[in-house]
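Enquirer: Sequence first, then the predicted structure:
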Amino acid sequence: MIGRKTEQALLKKALESSESEFVMIYGRRRVGKTYLVREFFHNDFVFSCTGIAKGTRQEQLINFYSELSRKVPHKTLPLPANWMEAFELLRTVVEEADDNRKIIFLDEVPWMYTQKSDYLKALEHFWNGWASSQRNIILIICGSAASWMVKKMIRDKDGFHNRITIPIKLTPFTLAETRDYLVSKKISWDLKTISECYMILGGIPYYLNLLERGMSLSQNIDRLFFAETALLGSEFENLYASLFKDSRDYIKIVEILSKKKMGFTRDEVVKKGKFKDGGNISEKLEDLEECGFIRKYPAKGQIANLYQLSDFYTLFYFTFIKKGAFRDEDFWMHMQGSHAYETWGGLSFERLCFSHLQQIKQALGVSGISTKAYAYYGKGYQIDMILERADRNVNVFEIKYCDGPFSISAAYAERLNERKRFVSSTFKNKISCSTIMITVDGVKANEYAAAALQRELLLKDLFL
């Protein structure tokens with residue numbers, strides 16, 4: 001298994017525990033939740049069941065019942081009339097199993113839950129009334145609707161309050177994990193190609209698994225998104241529809257956020273989307289944030305928090321796929337080196353750096369220091385990233401995505417120094433302010449670079 005070391009350690013803890021454990025794994029669709037569970041436990045479950053997308057209450061119950069019947073083929077189980085009866089049958093099946101550690105895997109739980117059903121009440125009663133006291137049960141629930149999982153389970157004030165013993169939020173692969181995954185598929189690309197792949201597919205294992213060895217990245221992207229029979233031709237609609245019951249408002253929000261690099265405040269989203277103020281927009285923004293599609297951050301120079309589109313695939317979709325609906329089968333091949341490609345590359349590379357903040361801190365040798373990272377927009381300045389550190393230092397980052405070493409001119413150096421002076425005056429309590437440039441291949445050595453930069457990081461540092 002590539003990566004997932006922290007998550008595997010938590011599952012190992014559940015396996016070796018002397019108590020019953022309630023494990024909740026959540027994360028966006030295609031991120032590998034089911035694969036993680038099935039691979040780690042080698043499909044060795046006393047019971048497993050996956051919810052049916054858009055299934056009715058009766059369809060979910062019949063599906064659950066069918067899986068139970070397969071576990072005890074020597075018995076004829078009564079068809080449950082409701083979820084309380086279904087979970088009572090599950091208890092009977094689990095009690096009959098002779099496994100030392102009895103693992104129950106319920107996948108896509110949000111799909112099993114239907115309006116006005118007693119599913120959550122029955123699940124809560126199954127755990128609190130029986131399973132938690134058995135000492136040898138591992139109950140694992142999974143769901144792609146991350147916001148639903150958090151609201152209904154972790155933040156529940158009633159039956160599920162403090163009942164989840166091991167919560168796991170599964171996130172996309174890092175750049176290093178993406179590289180390792182591609183190597184396991186015998187795909188050998190340089191770091192810039194891997195980073196471009198990440199800036200399109202976002203480190204999502206399912207998407208990466210569709211890449212073909214022996215084809216260039218451009219050929220793969222054209223095959224997956226722009227060919228007449230593109231494998232991921234309808235992925236965008238399916239992705240959002242599978243996560244949100246009424247996906248139209250969610251799609252409208254991410255489309256709005258795709259139009260501005262820094263993002264928008266909540267009020268700006270309401271205005272641009274012509275939403276009714278208070279029309280659950282805060283909740284929808286929270287849902288999108290929990291699923292990893294957007295991020296909320298405080299930006300210096302702004303009064304209110306900003307919401308920024310952070311999902312790489314969604315940004316790629318609105319920048320190229322939606323606009324390229326005419327289906328040029330060599331679309332991505334033709335885009336290489338174009339102005340649109342360069343603009344997208346610069347924007348996505350900035351997001352790549354923000355999503356690999358831990359790797360940047362590691363490269364700087366400040367992993368153990370508490371930090372705040374944000375962009376700055378205001379008073380005539382736009383700064384890609386500011387890292388405010390608890391050791392009273394502040395780093396000002398300039399991020400450039402280009403081929404070959406970046407050359408700093410006298411005018412560019414003066415602009416960098418002016419930004420540094422501005423940040424120094426803004427953070428008067430800091431003892432040091434330094435300018436750091438992040439590039440793909442480094443900065444060309446000259447007198448201006450030496451005068452303007454205190455440190456430089458390369459693309460390879462994001463692969464730590």
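Expert: Everything's here; your move.

Enquirer: Kindly state the pLDDT recorded for residue 425?
Expert: Residue 425 is assigned 89 on the pLDDT scale.

Enquirer: Confirm it sits in a helix?
Expert: Yes: assigned with DSSP: H, G, I helix; E, B strand; the rest coil, residue 425 falls within a helix.

Enquirer: okay, now it: neighbour count?
Expert: 9 (other CB atoms under 10 Å). C-beta coordinates here come from the backbone N, C-alpha and C atoms, glycine included.

Enquirer: so where's the chain shaky on pLDDT?
Expert: Along the chain, segments meeting pLDDT under 70 span 278-279, 301-302, 324-327.

Enquirer: Which segments of it make up each domain?
Expert: 5-169, 179-355, 358-463 (automatic domain parsing).

Enquirer: What is the subsequent helix or strand relative to the host helix or strand of residue 421?
Expert: Residue 421 is part of helix 410-426, with elements assigned from DSSP states H and E. Scanning forward in sequence from helix 410-426 by DSSP H and E, the next helix or strand is strand 432-439.

Enquirer: Off-centre distance for that next one?
Expert: 27 Å (CA atoms, centre = their mean, to the nearest Å).

Enquirer: in it, what's buried?
Expert: If you call a residue buried by 16 or more other CB atoms under 10 Å, then strand 432-439 has these buried ones: 433, 434, 435, 436, 437, 438, 439.

Enquirer: burial measure for residue 101, as a count.
Expert: For residue 101, the neighbour count with other CB under 10 Å is 17.

Enquirer: returning to what we had before: looking at the buried residues of strand 432-439, spot the one nearest residue 341.
Expert: Nearest to residue 341, judged by CB to CB, of the buried residues of strand 432-439 is residue 439 at 17.4 Å.

Enquirer: any idea how far residue 400 is from that closest one?
Expert: Taking CB to CB, to the nearest Å as the measure, residue 439 falls 5 Å from residue 400.

Enquirer: And residue 206, by the same measure?
Expert: Per CB to CB, residue 206 is found 31 Å from residue 400.

Enquirer: Same question for residue 341.
Expert: From residue 341 to residue 400 the distance is 15 Å (CB to CB).

Enquirer: what about residue 400, how many residues close to it?
Expert: 16.

Enquirer: ignore the last one, residue 56
Expert: Residue 56, neighbours per other CB under 10 Å, totals 12.

Enquirer: What of the one 3 residues further on?
Expert: By the criterion of other CB under 10 Å, residue 59 has 13 neighbours.

Enquirer: quick one, strands of the chain?
Expert: Along the chain, counting by DSSP state E, strands occupy 21-26, 47-50, 102-107, 137-143, 166-169, 294-297, 306-309, 371-378, 381-389, 393-399, 432-439, 455-458.

Enquirer: ok, now which ones touch the spatially closest residue to residue 251 that is not a sequence neighbour?
Expert: What sits nearest to residue 251 in space, not counting adjacent residues and going by CB to CB, 6 or more residues apart in numbering, is residue 240, at 5.4 Å. Listed by CB atoms under 8 Å, 6 or more residues apart in numbering, the contact set of residue 240 reads 247, 250, 251.

Enquirer: these two touch, right, residue 102 and residue 139?
Expert: No: using CB atoms under 8 Å, residue 102 is not in contact with residue 139; the gap is 9.2 Å.

Enquirer: Between the two, tell me which one has more neighbours.
Expert: Neighbour count, other CB under 10 Å: between residue 102 and residue 139, residue 139 has more, with 25 against 20.

Enquirer: what sits opposite the more buried one in the beta ladder?
Expert: Counting by DSSP bridges, residue 139 forms beta bridges with residue 22, residue 104.

Enquirer: How about residue 432?
Expert: Applying DSSP bridges, one finds that residue 432 bridges with residue 393.

Enquirer: could you check the distance from residue 5 over to residue 42?
Expert: From residue 5 to residue 42 the distance is 18 Å (CB to CB).

Enquirer: One more: residue 380?
Expert: Per CB to CB, residue 380 is found 59 Å from residue 42.

Enquirer: what does residue 323 give?
Expert: 45 Å.

Enquirer: between the two, which one's more packed in?
Expert: For residue 323 versus residue 42, neighbours defined as other CB under 10 Å are more numerous around residue 323 (11 against 7).

Enquirer: Residue 378: how many residues sit nearby?
Expert: Residue 378: 12 surrounding residues under other CB under 10 Å.

Enquirer: my read: it touches residue 306, true?
Expert: No: the criterion here is CB under 8 Å, and residue 378 misses it with residue 306 at 11.5 Å.

Enquirer: which secondary structure elements does the helix holding residue 421 contact?
Expert: Counting contacts by 3 or more CB pairs under 8 Å, 6 or more residues apart in numbering; DSSP states H and E, helix 410-426 packs against strand 381-389, strand 393-399, strand 432-439, helix 447-452.

Enquirer: most packed of the ones you listed?
Expert: strand 393-399 (a mean of 21; mean count of other CB atoms under 10 Å).

Enquirer: Could you list every helix and strand that that one packs against?
Expert: Under the contact criterion of 3+ CB pairs under 8 Å, 6+ apart, strand 393-399 touches helix 339-355, strand 381-389, helix 410-426, strand 432-439.

Enquirer: Would you reformat those as a markdown table and include distance to residue 179?
Expert: Converted to a markdown table, these look like this (distance: least, CB to CB, whole Å):
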| stretch | distance to residue 179 |
| --- | --- |
| helix 339-355 | 13 |
| strand 381-389 | 23 |
| helix 410-426 | 31 |
| strand 432-439 | 18 |
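
Enquirer: looking at the ones you listed, which is closest to residue 363?
Expert: Nearest to residue 363 among the helices and strands packed on strand 393-399 is strand 432-439 (9.4 Å), distances taken as CB to CB.

Enquirer: Quick one: list the elements packing against the closest one.
Expert: The elements that strand 432-439 packs onto, with contact taken as 3+ CB pairs under 8 Å, 6+ apart, are strand 393-399, helix 410-426, strand 455-458.
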